[in-house]
Structures are given as structure tokens and as C-alpha cells.
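**Student:** how would this look folded up:
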Amino acid sequence: MTQIDENITRLEASENPLSADVYFIEGNAYTYIIDVGSNDSAYEKISGITNKRIIITHFHQDHCENMKRIDIEDENLFVGNYTYKTIGNYLQKSPGKGTVVNTEIVIDDGVKIRILPIKNSHAKDSLCVIVNDEYLFMGDSFYSSVKGYNVSLLHDEIKLLESVPFTKTIFSHDNTIHDRDYLLGNLREIFSRRQKDNPYISNDLL
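**Tutor:** This next block holds a predicted model:
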């Protein structure tokens, strides 16, 4: 576990099994958990927390597979639409599991939590999280798909990020805390490489 600030800690990602970073934000009433990973250490840490709310950034297994064995009420689980269906499939629960976030949700619990849908090239129906208008948790939304960056989605992602308050940004699978200029500068540079009549931009920049 790594302490990021007085309210935020990180359980680092693993490679075998592939499991994303898991973040814990301490509020007054709840611990807010961003992603649940797929390995036993993440499951054990999360299971030991009584009052928790979970936010899943997207549906890829390394970020959400532990939901197969975590019991939580729908109102305390925040997901995008595709993740809602994915977790429902895991649990054989129709039509899905959790509270779907279609527009920004703001929670004030001693810490300010903003949960927002974010368009991106990596995974559809993703969410990002802003803590105290300072830390932006991107999940994998900074990354591309195997095809590269989708021009239209990247355009919308940049516009969203330009409009929200944050000074530091954290990507899953990356232990470095980047600043706002790093995130926006890189995405704008990638967008500048778009070519006419090509809906994708090569992902060989990163």
C-alpha cells in the first residue's frame, strides 16, 4: 500500500494475475474504492472494509473481476452502462448490477467525490473520478485501444478534461502522479496527428 495523501492510498497493480491499481479514499462515513482489481490481495483488503462505496472505471477484468465475490448494495456501487451489464453477467443477475452513472454525480463526505462519464478510446462507458477538485483518477482512459486513438472520442475526452477542475492526474498501471499539463499536453499532441479520412490515430506515441 502506498499513501498518496492523507485521505488517499493505493494498492499497486499486479501482473500475475493481471490486476489494476486499487485506490482507497477515506471519507467521514464511507471509504470510496476506485476499481477492485482481480487478485486476492485486493479482494481481502476490500472485504475488510465495512462501510464502502465502489466506483468501477470500466469493465475490463483487471479492474472489476473481484466484483464476482464482493457483496455490495446497488446504491453503493457506481458503474458505467457496459460495466453494469458485465457485473450482472458475472453474478447471473439480470439486467445488471450497480448504479449507472450517465451524468456527473457529486458526493460530499468530508472529501468531495465527483464521478463523471468519460469518452475515451480504451473502453466504452468509462468513468473517471475527481477527489477534492485536485486528483483526477483516469483508470485506463488515457490509453488507446489496439486500433489506436479514435479521433472523435479523443476530441470529446479533451473537451471534458479541459472543463473540469484538477491539478494532478493518476492513471492505472502507472505509479507516477502526473500534472494537468502532462495529461492535456499529451492528448492534444496525439490529437494533432490526426489525418483526413482516418478515424484512428496511431498509438505508437506512448
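**Student:** Poorly predicted segments of this protein, please.
**Tutor:** Scanning the chain for pLDDT under 70 picks out the ranges 204-206.
**Student:** swap the cut-off to 90 and go again
**Tutor:** 1, 146, 202-206 (pLDDT under 90).
**Student:** mind listing the helices for this structure?
**Tutor:** With DSSP state H as the criterion, the chain has helices at 40-47, 61-64, 81-91, 151-163, 180-191.
**Student:** Which secondary structure elements does the second one sit against?
**Tutor:** By that I understand helix 61-64. strand 18-19, helix 81-91 (3 or more C-beta pairs under 8 Å, 6 or more residues apart in numbering; DSSP states H and E). (C-beta placed from N, C-alpha, C; glycine too.)
**Student:** Bridging across strands, which residues link to residue 99?
**Tutor:** residue 78 (DSSP bridges).
**Student:** Let me know whether it touches residue 79 as I believe.
**Tutor:** Yes. If you go by C-beta atoms under 8 Å, residue 99 and residue 79 touch, sitting 7.0 Å apart.
**Student:** Those two: which is more packed in?
**Tutor:** Higher neighbour count among residue 99 and residue 79: residue 79, with 29 against 16, using other C-beta atoms under 10 Å.
**Student:** contacting residues around the more buried one?
**Tutor:** 55-56, 87, 96-101, 127 (C-beta atoms under 8 Å, 6 or more residues apart in numbering).
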